[in-house]
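Undergrad: pasting the sequence and the predicted model now:
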Amino acid sequence: MTYKEIYTESIEKPAKFWKEQADAIEWYNKPEVILSEDENGYPLWYKDGELNICYLALDKHIQDGRGDQIAFIYDSPVTQNIKKYTFSEVKTEVAKLAGGMLSLGLKKGDTAVIYMPMIPQAAFAMLACARIGVTHSVVFGGFAPHELAIRIDDCKPRLIITTSSGIEIDRVIAYKPLVDEAIELASHRPKKVVVFNRKLGARVPFKKYDVDYDALVYGSEEAACVPVNTTHPLYILYTSGTTGKPKGVVRDTGGYAVALKFSMTHIYNVQQDDVFWAASDVGWVVGHSFIVYGPLINRNTSLIFEGKPIRTPDSSTFWRIIAEHKVNAMFTAPTAIRAIKKEDPDGEFIKQYDLSSLKAQFLAGERCDIATLEWYQKHIPAPAIDHWWQTESGWPMIANMMGVEQLPIKPGSVGKAVCGYNIRIFSEDGTEVEPNKEGYVVVKLPLPPGTLLDLWKDNPRFKAGYLEQFPGYYFSGDGGYKDDEDYIFITGRVDDVINVAGHRLSTAEMEEVVSSHASVAECAVIGINDSLKGQIPLALVVTKLNDEIEHYQLEQETIKLVRQQIGAVASLQNVVIVERLPKTRSGKILRKLMRSIADGESFQIPSTIDDESIVEEIDTVLKKYKIGVYNIK
């Protein structure tokens, strides 16, 4: 079938289409009810089905005689360690860890938090939870204790699984003290903390609630897979919201398994036994979908990479891994390619490696600029495919569906709508706009299988944030437009969430931290364009009357506060002092106006502004500190 034929069928006959896709995976009880609604009228897929996603990822391949195939390749340039795990080896460790969790009192329906770096045990912990019906919530290891505590209080885990340490380019980070601090900060108290000791010299303070990972695994019997209903929450994954309070996106099990199998074959064009590498982290949705569950369900070898695209040891790392492990398809954020391009503009390292195994390079997580795309296509023989999706969707929404038909690539566009996603561009009043006119990116309900089921314990926020602005449609929070050939271009967030190197971060949350500084009267945090990370935060601060703190001191103390409360992932580096912030007459801070000034974009001064002269003031201050376009060399 052509792209147009398969896409049209998925939109016009969704139940028939997704019934056929469900046949590609194995069920304990095959669903009879393909599409229905929950008690709130929200679409549900396969509600009467039963399955286990850990069985699909591991046990099925072993039963099919493929237990000796490599499931994971762990490549860690920061520890100079490469280790390969077969499906049989992973299944044994996962089943024993699951048995150990059962012995600690966990049962189907409980929750567990996983706080780990990019090591195999993080994936084992996820699969062990899935094996026994425990809902996992992976928290990115770069988040500070305060952020971890918020998530502990929201999902109330019975267990936390962590490690002794993570490794950055130049230092070892002790994880266990961070977990202990988070537990002290949280109101909820997990019963146990399972600690995997990497023996890298990090301090591992012992607490009464601690359990040694190795002792638990090797002292336990293997647990069998527990059948769960299709709509059983596989995981909760927190994403930034505009209020500063993280949103716990709930993913079902059955629809997700179907969608991932479909993605691997129809979007990424990955065949069974191929090597797939998503250079991301299990703390993000990419890691859930395309490091752990998607590749394993599709019987691919998946890479777990602990390192950076540069300085581990240099900008040849990606090419070395592709050549050494014969990677067939790769996924990364454009930031990584920009970093490599900056270090090796002429692609000298690329010439040293045989990259003939690579069939396609997929880019997502943030907007890919045309210059980066063109640089990649100049130096690498494989096509570079930009595509777009969200934590909420769990799998691609707009792409070039390489497993169906490779369409011409349009630089700047993320492709066309993926099967199941009826994507429209709306004006503010909910009417569809003409081609090439920018508007809000929305998706007509029902969303396809595998997308978000709800927000954890917060259905009113789910409805308010995604469904109520345009009834009958899911609101993505992004702006964009379609051209005359239905190619879609994403222009960025329309709310106060910024995208720093592919990580969605709440400016509201950063403002809360910045405003806690004793010298700050009020502040605004905005995302401004950055040539490497896409966006970076900028804090504009009004100090308290008669407070004479030096700019450098305020900046350093504020940066430290944000690192302590949110983590280094926030990347706050610039804090500027202003006399006042631009506001409407009703007192609303005009953040979009400040973004436009910093990014050197043309703008109209809103008629509701309190005082037009402040525009020149902000412009002068940013020039003084060489912030925004004034800092571009």
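TA: That came in fine, so what should we check first?
Undergrad: which residues of the stretch 301-450 of the chain score low on pLDDT?
TA: Low-confidence segments of the stretch 301-450 of the chain, defined by pLDDT under 70, are absent.
Undergrad: repeat for the chain
TA: Counting by pLDDT under 70, the chain shows low-confidence ranges at 241-244, 585-587, 607-608, 631-633.
Undergrad: please verify my assumption that residue 130 contacts residue 53.
TA: Yes - with contact defined as C-beta atoms under 8 Å, residue 130 reaches residue 53; the gap is 5.1 Å. C-betas here are computed from N, CA, C, even on glycine.
Undergrad: those two - which one has more neighbours?
TA: Taking residue 130 and residue 53 together and counting by other C-beta atoms under 10 Å, residue 130 has the greater number of neighbours (29 against 26).
Undergrad: gap between the more buried one and residue 237?
TA: Spatial separation of residue 130 from residue 237 under the definition C-beta to C-beta, to the nearest Å is 14 Å.
Undergrad: residue 471 now?
TA: Applying C-beta to C-beta, the value for residue 471 to residue 237 is 26 Å.
Undergrad: okay, these two: which has more neighbours?
TA: Neighbours were tallied for residue 471 and for residue 237 using other C-beta under 10 Å; the higher tally belongs to residue 237 (28 against 8).
Undergrad: now do the strand or helix carrying residue 261: which elements does it pack against?
TA: In this structure, residue 261 is located in helix 254-262 according to DSSP states H and E. Packing contacts for helix 254-262, counted by 3 or more C-beta pairs under 8 Å, 6 or more residues apart in numbering; DSSP states H and E, involve helix 14-22, strand 43-45, helix 294-297.
Undergrad: and among these, the most buried is which?
TA: Mean neighbour count (mean count of other C-beta atoms under 10 Å) peaks for helix 294-297 among these, with a mean of 27.
Undergrad: not counting sequence-adjacent ones, nearest residue to residue 19?
TA: Spatial nearest neighbour of residue 19, excluding adjacent residues (C-beta to C-beta, 6 or more residues apart in numbering): residue 34 at 4.8 Å.
Undergrad: with only the CA atoms kept, save the helix holding residue 261 in CSV.
TA: Taking C-alpha atoms only, helix 254-262 is exported to CSV below (Å, rounded to 0.1, in the frame of the first residue of the first chain):
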residue,chain,number,x,y,z
GLY,A,254,-2.2,-3.2,25.2
GLY,A,255,-2.6,-0.2,22.9
TYR,A,256,1.0,0.8,23.5
ALA,A,257,2.3,-2.7,22.6
VAL,A,258,0.3,-2.6,19.3
ALA,A,259,1.5,1.0,18.5
LEU,A,260,5.1,0.2,19.2
LYS,A,261,5.1,-2.9,17.0
PHE,A,262,3.5,-0.8,14.3
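Undergrad: tell me which residues are up against it.
TA: Residues external to helix 254-262 that are found in contact with it (C-beta atoms under 8 Å, 6 or more residues apart in numbering): 18, 21-22, 24-25, 27, 31, 45-46, 49, 51, 53, 56, 229-231, 234, 289, 293-294, 297-298, 394-395, 419, 448-451.
Undergrad: quick revisit: in a markdown table, list the helices and strands packed on helix 254-262 along with distance to residue 577.
TA: A markdown table is the format used below for these (distance: least, C-beta to C-beta, whole Å):
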| stretch | distance to residue 577 |
| --- | --- |
| helix 14-22 | 54 |
| strand 43-45 | 50 |
| helix 294-297 | 47 |
